Each structure stands twice: as C-alpha cells, then as structure tokens.
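Q: Here is a sequence with its predicted model. Questions after.
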Amino acid sequence: MAAGDYNSIPTPEGVTLAACPCCGSMPSLWQYIENDESASKAVMCDNGTAFGPQSGLTDEGCPLNMPPQGFYRATIREAVNYWNEYAKALTAQQRANRWKTAQVLRTTPQEPTP
C-alpha cells in the first residue's frame, strides 16, 4: 500500500455504524494511508451515485461519500464514534428544523373578522 491509498476495512464485530445523516445510505469503514508510518480511519457514506445537478468525479453522490478531514481519526473506535455522534447531532438538527419549517402546515387559518 502506498501513501495516498484508501482501503476498505471490515467493521469490527459488535460495532454499529449509523446510517448516513445526509442521505440515509449505509456507510463503511475506510483506512487512508498517509505515509509509511501512519494511517487514519474514517467512516464514509457508500452513496457515490450522482443525483440532481451533480456532474463529474468530484461532485457525485452524497457529500459524506468523501467526508471532510475532521472525520479522519487515528483509530477505528475514534472514527466510528465521530461518525455516530455526527449522525446523531445532524439528524436531531434536521428534525428540529423541519418541525419549525412545517409549523405553517400544522396551524389552522383564522377566519377574518368583519
């Protein structure tokens, strides 16, 4: 394996990966070889299929198919924990924002007073 290589690694037994908080697809565990002495681990969304107006290799699939540098961790445990906490927080934020946005749909219009 050379520096700059990504390798899929098996999810350890008993470890649960939360579904992608962006698109709902299942994620998988990856190892990135930084150099001869170190490698980092990250959980990445498996959805690499283009949707909507996407085009090109750098603009296809879920944004978490190749997550930002903050997702890369030294150990599998840290990478899984980061992914799961991120997924939990983003999902909670989406629910709260959607609840607020849909408030208009839950209210009954008032009759105008003459």
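A: Nice, I can see it.
Q: for residue 21, helix, strand, or coil?
A: Applying DSSP: H, G, I helix; E, B strand; the rest coil to residue 21 yields a three-state assignment of coil.
Q: thinking it is in contact with residue 90, fair?
A: Yes: taking contacts as CB atoms under 8 Å, residue 21 lies within contact range of residue 90: 3.9 Å. In short, each C-beta sits where N, CA and C put it, glycine included.
Q: the more surrounded of the two?
A: Just comparing residue 21 and residue 90: by other CB atoms under 10 Å the higher neighbour count belongs to residue 21, 21 against 15.
Q: just for the protein, where's the confidence low?
A: 1-3, 56-58, 105-114 (pLDDT under 70).
Q: Now do the helices in it.
A: In the chain, the helices defined using DSSP state H lie at 76-101, 103-106.
Q: Need those helices in CSV (columns: distance to residue 13).
A: Below are the helices of the chain laid out as CSV (distance: least, CB to CB, whole Å):
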stretch, distance to residue 13
helix 76-101, 12
helix 103-106, 44
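Q: who wins for proximity to residue 60 among those helices?
A: The minimum distance between residue 60 and these falls on helix 76-101, with 20.6 Å, by CB to CB.
Q: tell me what that closest one is packed against?
A: strand 27-33, strand 39-45 (3 or more CB pairs under 8 Å, 6 or more residues apart in numbering; DSSP states H and E).
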